[in-house]
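In: only geometry, no sequence info:
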């Protein structure tokens, strides 16, 4: 059975695959997404353990990029595939998948080995795009889907510091019981914090309840790490969070919608609509009433795509082609208070984050617009947070081409890893909020 049929066949004719939830697949009825058979491991059980951050199941995970090391230990470490419990935006229990990596590198700092929770940047909405699967298969290219594990570099750099790493697949990415709730701050923040909790339960893990914890993410991951820092004090205060790196965070989805509509990553608008309409009836009703047949078809197809598929199939598409009125999706949502409220509720910056945060944003980023990311830093500064703000200054590398968004990821990554490693070692840092007026 295909991913579409297993997740979307319950959708009524007027629904653009935005509220489907399928029964878990069985061993005889595997989920196949764009020609990729999703391992049975990713099908959640009918009943979940009570509590958040509880280990549901685990198994060894072969890292696609690794080397033989001394004493029979492979570099950069030994990986375990995970499924664990979390709570979704509606307060319901949910199963989340991911991976824990015990590093080969020794920890040379004080205290027990620390842990970094990695929230991946945008991978897509099809289950075959899950970050844990990308760790196993860095490149998936079968003529139907294109997925590339570009976060592997950051994971390896973090492991080289001696910290353990746990990567979350977020809610619904990998796990086959629902669609991925793309850029949903509550789902993502909870998934990251519960990944920190579950890491201590992984057999063979050296991290403990006393291990310092850092959050790391860029783009979608930057929003997820920012959300985790904001939600930490009320959702997981026992997690010893000592630092958060948030790169190019989509803090204001109204502004981000404008950035991605018509860009090379226009498909991300479809992932957002699919995910939010699944969880929020107010937005779903507006979408159903305003999409034309082309829009419904596009959103259904987009629900199984990875980044490569979305770029090839929907790059530079404008959402005006998907609506009955010819208005953009952003314009339609803005004109419907109940739907706009759904996006407004996703706004980052209304809560003070726990511990020091480092926020980096490319000054020419037009996909996840620079101005809204900088505003997040200002909002945090106004709340008295310990913020290290970094404006990554580069020339314009091509409007709406993704280059202005992706290049800062690479140019700033080393500094981001070093900053977070210092927090894991217990080194102090100081806010540069006072310099914000002079920074772009």
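Out: Perfect, I can see it now. The structure displayed is predicted, hence computed values, not measured ones.

In: Next, the buried residues of stretch 341-351.
Out: 342, 343, 346, 347, 348, 349, 351 (16 or more other C-beta atoms under 10 Å). Heads up, the C-betas are built off the backbone N, CA and C, glycines and all.

In: for stretch 381-396, that is, sorry about that
Out: In stretch 381-396, counting by 16+ other C-beta under 10 Å, buried: 381, 385, 386, 387, 388, 389, 390, 391, 392.

In: Give me the below-cutoff pLDDT ranges for the chain.
Out: The model of the chain has pLDDT under 70 over residues 1-28, 70-72.

In: would you list every one of the helices in it?
Out: For the chain, the helices defined by DSSP state H cover 3-8, 131-136, 152-160, 185-199, 220-235, 253-260, 267-279, 281-290, 293-302, 307-314, 329-334, 337-344, 370-382, 403-424.

In: Output those helices in JSON lines; the columns should cover distance to residue 29.
Out: Shown next, in JSON lines, are the helices of the chain (distance: least, C-beta to C-beta, whole Å):
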{"stretch": "helix 3-8", "distance to residue 29": "8"}
{"stretch": "helix 131-136", "distance to residue 29": "19"}
{"stretch": "helix 152-160", "distance to residue 29": "32"}
{"stretch": "helix 185-199", "distance to residue 29": "26"}
{"stretch": "helix 220-235", "distance to residue 29": "30"}
{"stretch": "helix 253-260", "distance to residue 29": "35"}
{"stretch": "helix 267-279", "distance to residue 29": "22"}
{"stretch": "helix 281-290", "distance to residue 29": "27"}
{"stretch": "helix 293-302", "distance to residue 29": "20"}
{"stretch": "helix 307-314", "distance to residue 29": "24"}
{"stretch": "helix 329-334", "distance to residue 29": "34"}
{"stretch": "helix 337-344", "distance to residue 29": "33"}
{"stretch": "helix 370-382", "distance to residue 29": "43"}
{"stretch": "helix 403-424", "distance to residue 29": "38"}
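
In: picking that back up, could you tell me which of the buried residues of stretch 381-396 belong to strands?
Out: Counted as lying in strands by DSSP state E, out of the buried residues of stretch 381-396, are 387, 388, 389, 390, 391, 392.

In: Now the fourth one: closest residue in space that isn't a chain neighbour?
Out: Translated: residue 390. Nearest residue to residue 390, sequence neighbours excluded (C-beta to C-beta, 6 or more residues apart in numbering): residue 360, at 4.1 Å.

In: Run through the bridge partners of that neighbour.
Out: Beta-bridge partners of residue 360, counted by DSSP bridges, are residue 247, residue 390.

In: if we can go back for a sec, between the buried residues of stretch 341-351, which is closest to residue 435?
Out: residue 349 (18.6 Å; C-beta to C-beta).

In: Now that closest one. Its backbone dihedrals?
Out: phi 110, psi 0 (degrees, to the nearest 10).

In: Do I have it right that residue 110 meets residue 212?
Out: No. Taking C-beta atoms under 8 Å as the definition, residue 110 is not a contact partner of residue 212, at 9.3 Å.

In: Next, show the common contact partners of those two.
Out: Shared contacts of residue 110 and residue 212 (C-beta atoms under 8 Å, 6 or more residues apart in numbering): residue 426.

In: Just send the ones in strands among the buried residues of stretch 381-396 back as TSV, with distance to residue 154 too.
Out: Formatted as TSV, those follow (distance: C-beta to C-beta, whole Å):
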residue	distance to residue 154
387	21
388	18
389	20
390	16
391	20
392	16
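
In: List just the nearest of these to residue 314.
Out: residue 392 (27.2 Å).

In: Tell me how far the closest one lies from residue 160.
Out: Using C-beta to C-beta, to the nearest Å, residue 392 is found at 23 Å from residue 160.

In: And residue 112, by the same measure?
Out: Noted for residue 112: a distance of 18 Å to residue 160, by C-beta to C-beta.

In: Distance check, the residue lying closest to residue 404 once chain neighbours are set aside against residue 355.
Out: Once flanking residues are discounted, residue 404 sits nearest to residue 364: 4.4 Å by C-beta to C-beta, 6+ apart. The spacing between residue 364 and residue 355, counted by C-beta to C-beta, is 29 Å.
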